[in-house]
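K.L.:
Here is the input, now give the coordinates:
(one chain, ligands or ions: 2)
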Amino acid sequence: MKYDAILLTSFGGPEGPEEVMPYLERVTAGRGVPRERLEEVSHHYLALGGVSPINEQNRALLAAMRSHFPERGIDIPIYWGNRNSEPFFADVLKQMYADGHRNVLAWVTSAYSSYSGCRQYRENLAAALTEADLEGKMTIDKVRHFFDHPGFITPIADDLAAKIKSMQDLGLTSNQISIMFATHSIPTAMGVSSGPEARRDEFAQLAGEGGAYAAQHLAAAEVTMKKVADKISGSLPDWSLVYQSRSGSPSVPWLEPDVNDAINDAADSGTKGVIIVPIGFVSDHVEVIWDLDNEAKDTAEARSLEFARVVTAGVAPEFVDGIADLIQERLSNAEKKALSKLGPWVDACAVGCCPNLRKDLPVVAEA
Ligand SMILES: CC1=C(CCC(=O)O)c2cc3nc(cc4[nH]c(cc5[nH]c(cc1n2)c(C)c5CCC(=O)O)c(CCC(=O)O)c4C)C(CCC(=O)O)=C3C
Ligand SMILES: [Fe+2]
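P.N.:
Ligands and ions are numbered 1, 2, ... in the order given. Sure thing, here's the model as predicted:
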């Protein structure tokens, strides 16, 4: 076998009030995020007792992968490491090396291409190899982006169909319901430059300045709606892609519309209910439970709209099995499943893919 260990690679989060500010400073180091924004976000975390649920969710996912993968013929060990909180990559890689592993396959909890969701992880892993004194002693490859993999889409589509039916049971017709697929906003400069350089024109045509990042989200939303159409008779509600959790300096343009503005616009146009699908995220972490379940819900309720929020993939059995598919593609050249024409995405990023617009840094897993 080409790989001897798997790394569940994620973002990380604080697990106590004293960890909140150091965490936020780590996340935004060198990223030009104003101090006031950090103060504001720290209140979201402190309102939750200083604990982000993301690490507990990754522990649960790790346990689910460990219990399911042997049934899929994947017998190599699975480790877990984070970019921004313990267990940090360098410590985990040291442990993996001590346990005898030399060829690591990283699966990152980010379904889409962008500097934040792809290259930044590859830079952090390269830096961790240096920090752990493992340069040249260990290789790290990365599993492809999975925005249109059926294992990711199916649990979301099933719940979206159920949420549409519930709203119809309240007496709303399809044309009174707005479905909003929500994802993390990013600076437009990061959007335009997302994905492989050679395909930029194609992505711009599909998604304007959102680039490959937005094009992949539109593709994920389309295939989700296709699955929903199989479950619901009659006309479906309209859908759109919206953005949330904008950060950075107010003078820098980020992808829009913001979910709260989109809800207000929908209310102005006669919508009676909104269903938010957090398609940009794989678990119910702070961006989901704060920015959607609190803020977006308040916005909807202030306009007297019905509000529902669809699940994330989390530890749904289809998702865990889908991750096994993605890993089997790399271990045994298994069939590459993809529901949209944009996929299956490439196994390795080309030079210049999702560039770091500030500074060129070493990366792992480059084609
Ligand atoms: C594309 C994308 C994903 C999805 C891909 C992936 O999953 O990686 C993602 C995920 C996440 N983002 C998260 C948290 C934060 N993101 C921040 C800031 C930023 N995110 C950005 C983008 C993304 N972020 C960007 C362009 C910034 C500005 C700074 C910069 O240019 O890098 C900040 C700083 C404060 C603020 O300004 O909001 C925080 C605290 C958490 C953990 C939540 C928890 O703790 O439960 C998760 C999963
Ligand atoms: Fe973020």
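K.L.:
For the nearest residue to Asp293 once chain neighbours are set aside, list the residues it contacts.
P.N.:
What sits nearest to Asp293 in space, not counting adjacent residues and going by CB to CB, 6 or more residues apart in numbering, is Arg309, at 5.9 Å. C-beta: built from backbone N, CA, C; applies to glycine. Arg309 makes contact with Ile275, Ile276, Pro278, Val288, Leu292, Asp293, Ala296, Lys297 under the criterion CB atoms under 8 Å, 6 or more residues apart in numbering.
K.L.:
Can you tell me which of those are buried?
P.N.:
With burial judged by 16 or more other CB atoms under 10 Å, the buried subset of the contacts of Arg309 is Ile275, Ile276, Pro278, Val288, Leu292, Ala296, Lys297.
K.L.:
got the phi/psi numbers for the residue nearest to Asp293?
P.N.:
Backbone geometry at Arg309, expressed as degrees, to the nearest 10, gives phi -120, psi 130.
K.L.:
what bridges to it?
P.N.:
Ile276 (DSSP bridges).
K.L.:
What does the pLDDT read for it?
P.N.:
Predicted confidence (pLDDT) for Arg309: 98.
K.L.:
mind checking how far it is from Ala302?
P.N.:
Distance, Arg309 to Ala302, by CB to CB, to the nearest Å: 16 Å.
K.L.:
contacts for stretch 204-216?
P.N.:
Identification of contacts with stretch 204-216 by CB under 8 Å, 6+ apart yields 111-114, 117, 145, 147-148, 186, 188, 190-196, 199-200, 202-203, 217-218, 241, 255, 342, 345, 354.
K.L.:
My error: substitute stretch 357-365 in the last question.
P.N.:
Applying CB under 8 Å, 6+ apart, the contact partners of stretch 357-365 are 30, 106, 115, 119, 122-123, 125-127, 129-130, 139-142, 189-190, 193, 348-349.
K.L.:
measure it end to end?
P.N.:
Distance across stretch 357-365, first residue to last, is 19 Å (CA to CA, to the nearest Å).
K.L.:
how about the residues of the stretch 1-150 of the chain that lie near ligand 1?
P.N.:
Contacts of the stretch 1-150 of the chain with ligand 1, taken as CB under 6 Å from any ligand atom, map to 11, 13, 24, 27-28, 31, 33, 37, 41, 52, 54, 109-110, 114, 116-117.
K.L.:
quick one: what helix or strand has Arg246 in it?
P.N.:
Using DSSP states H and E, Arg246 is not contained in any helix or strand.
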